[in-house]
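S.K.: Any chance you could fold what I've pasted below:
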Amino acid sequence: MDKLIHLILLSGLVSLPGSLAENLAFIGTATQSSTFNTWLAQHAIDGKRYGTETGLYCSATTSESDPWWRLDLLDIYNIRTVIITARSDGSFEYTNGAEIRIGNSLDNNGNNNPICAVIPDPLPGNTVSYSCHGMEGRYVNVVRSGRTAHLTLCEVEVYETENLAFKGTPTHSSTFNDWDAENAIDGLRYGPDTGSFCSATTSESNPWWRLDLLDYYDISTVIITARPGCCEDQTNGAEIRIGNSLDNNGNNNPRCAVTSGFLLGYTISYSCHGMVGRYVNVVISGSTSALALCEVEVHGKFLGHRNKYFLRLKFSSSGDVAAESDKILHQLQSALASHISDFNLSWTQLPEEEEEQTEVLV
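M.R.: Purely as a prediction, here's the structure:
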């Protein structure tokens, strides 16, 4: 008997222009209004947020009126994210209240350029991410206007891309106390109370954390921050997986990297080389453990909404097609996979028999 199949084919991701994640600070040059001891301006763009001796990895001015630090990117960029790391020894006050300014002017040493953000006083955590919404500029300034004080910066990171994690919704396999999944995308890599800014599962088999980006992205970089107080083993050895499937809670998607090298409070970046996906998972597979993440940052470019194609097919079968609809869908998916990449099939209407027409002789 002929059967009619109504199904929807989701395919054809439309790529839109975008920049891959790169910390632009690494290509720039830094200067500041004065230098305290050996706390050079360049220390704020050396990629080291923390070190064994503060003066080796932070910049600082002397105590002066309106202290400032400036990054010259050597070209004009559309800046979406600036991440500031303050001192880790509790001396947040040397960064509090500073203005982040972005622009192309060197009037007043660049401190008259438009403001992206003002660092709160008190600062909510050691490392805080600020969205600058594509502000155009060659210069990035950090200035404590109207104060006579030091200005200390342990790291300044500048990105043309935004942290996509802010767009998504997180969940995890379980929750330890008040260490909610949302804490891993709150913009705070470090905070005054660990439970207020880190996520953690209970100790369980194959613990996982998942971010739903709600759309499809070409993901270039995933940045993970471990707990500062203890338990780096709760982050080391985790797999970062990216894709569009929710099979096994998304933990069967292709693997970008396996985390390693974490010490207390470390932040490590992983290159995913443009993997496409809606879901970003972090999972410790094959062991019983807790999974702790103090921040997960995701950088990449928007790929667009999926195109929908409606297909109507007819084929002959003597079997019960409705009962075997899932098997048929799997067979079709396998057959199309060699010609079309990254698609999903689903029924809009289950197969049904065509009514037989009886020929009437007159």
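S.K.: domain ranges for the protein?
M.R.: Domain assignment for the chain, taken from automatic domain parsing, gives 24-159, 164-302.
S.K.: ok, the spatially most central residue of the chain - contacts?
M.R.: Nearest residue to the geometric centre of the chain (C-alpha atoms, centre = their mean): Val298, 1.4 Å. Contact analysis of Val298 by C-beta atoms under 8 Å, 6 or more residues apart in numbering lists 163-165, 168, 211, 213, 217, 219, 221-223, 280. Placement of C-beta: from N, CA and C, glycine included.
S.K.: Inside strands: which ones of these?
M.R.: 211, 213, 217, 219, 221-223, 280 (DSSP state E).
S.K.: Going by residue numbers, what spans are helices in the stretch 101-250 of the chain?
M.R.: With DSSP state H, counting those that start in this stretch as the criterion, the stretch 101-250 of the chain has helices at 194-197.
S.K.: what ranges of it fall below the confidence cut-off?
M.R.: Across the stretch 101-250 of the chain, the ranges flagged by pLDDT under 70 are 124-125, 191-195.
S.K.: rewinding a little: ok, so of the ones in strands among the contacts of Val298, who is nearest Pro122?
M.R.: Nearest to Pro122 among these, counting by C-beta to C-beta, is Ile223 at 24.6 Å.
S.K.: Number of residues surrounding the closest one?
M.R.: A count of nearby residues for Ile223, using other C-beta atoms under 10 Å, gives 20.
S.K.: Any figure for the gap between Asn104 and Ser65?
M.R.: Distance, Asn104 to Ser65, using C-beta to C-beta, to the nearest Å: 25 Å.
S.K.: ok, now which ones touch the nearest residue to Ser260 once chain neighbours are set aside?
M.R.: Excluding its sequence neighbours, the residue lying closest to Ser260 (C-beta to C-beta, 6 or more residues apart in numbering) is Asn236, at 5.8 Å. By C-beta under 8 Å, 6+ apart, the residues touching Asn236 are 226, 259-262.
S.K.: repeat for Leu24
M.R.: Counting by C-beta under 8 Å, 6+ apart, Leu24 touches 73, 77, 79, 158-160.
S.K.: Report the two of these separated the most.
M.R.: Spatially, the most separated pair among these is Leu73 and Tyr159, at 11.5 Å (C-beta to C-beta).
S.K.: quick one, which of the two is more surrounded?
M.R.: Tyr159 (23 against 18).
S.K.: How far away from the center of its chain is the helix ranked longest in the chain?
M.R.: Using DSSP state H, we find that the single longest helix of the chain is helix 325-337. Helix 325-337 sits 33 Å away from the centroid of its parent chain (C-alpha atoms, centre = their mean, to the nearest Å).
S.K.: What is the nearest of the contacts of Val298 to Ile45?
M.R.: Nearest to Ile45 among the contacts of Val298, counting by C-beta to C-beta, is Ile223 at 16.4 Å.
S.K.: hang on, that closest one packs against Ser271?
M.R.: No: Ile223 is beyond contact range of Ser271, at 10.4 Å (criterion: C-beta atoms under 8 Å).
S.K.: ok, now which ones touch Ser245?
M.R.: Here Ser245 is in contact with 252-253, 279 (criterion: C-beta under 8 Å, 6+ apart).
S.K.: Ile76: how many residues sit nearby?
M.R.: Count around Ile76 with other C-beta under 10 Å applied: 12.
S.K.: Just the pLDDT for it.
M.R.: In the prediction, the pLDDT value recorded for Ile76 is 97.
S.K.: and Phe262, how far is that from Glu64?
M.R.: Counting by C-beta to C-beta - Phe262 and Glu64 are separated by 38 Å.
S.K.: Who has more neighbours out of these two?
M.R.: Shown here are Phe262 and Glu64; by other C-beta under 10 Å, Phe262 has more neighbours (21 against 16).
S.K.: Was I right to think that one contacts Ala226?
M.R.: Yes: taking contacts as C-beta under 8 Å, Phe262 lies within contact range of Ala226: 4.3 Å.
S.K.: what residues are shared contacts of those two?
M.R.: When contacts are counted by C-beta under 8 Å, 6+ apart, the set common to Phe262 and Ala226 consists of 232, 235-236.
S.K.: Tell me the spacing between Ile115 and Glu324.
M.R.: Noted for Ile115: a distance of 63 Å to Glu324, by C-beta to C-beta.
S.K.: can you pull the contacts of the closest residue to Ile76 other than its chain neighbours?
M.R.: Excluding the flanking residues, the one nearest Ile76 by C-beta to C-beta, 6+ apart is Arg138, at 5.0 Å. Contacts of Arg138 were listed using C-beta under 8 Å, 6+ apart, and they are 72-77, 103-104.
S.K.: what's the most distant pair in these?
M.R.: Taking C-beta to C-beta, the two most distant members of the contacts of Arg138 are Leu74 and Gly103; they sit 14.7 Å apart.
S.K.: and these two? which has more neighbours close in?
M.R.: Remark: of Leu74 and Gly103, Gly103 carries more neighbours, 21 against 11, as counted by other C-beta under 10 Å.
S.K.: before we move on, the earlier item: quick check: buried residues in the longest helix of the chain?
M.R.: Using 16 or more other C-beta atoms under 10 Å as the test for burial, helix 325-337 gives 328-329, 332.
S.K.: quick one: stretch 152-161 to chain centroid distance?
M.R.: For stretch 152-161, the distance to the chain centre is 16 Å (C-alpha atoms, centre = their mean).
S.K.: Thanks again, I'm all set now.
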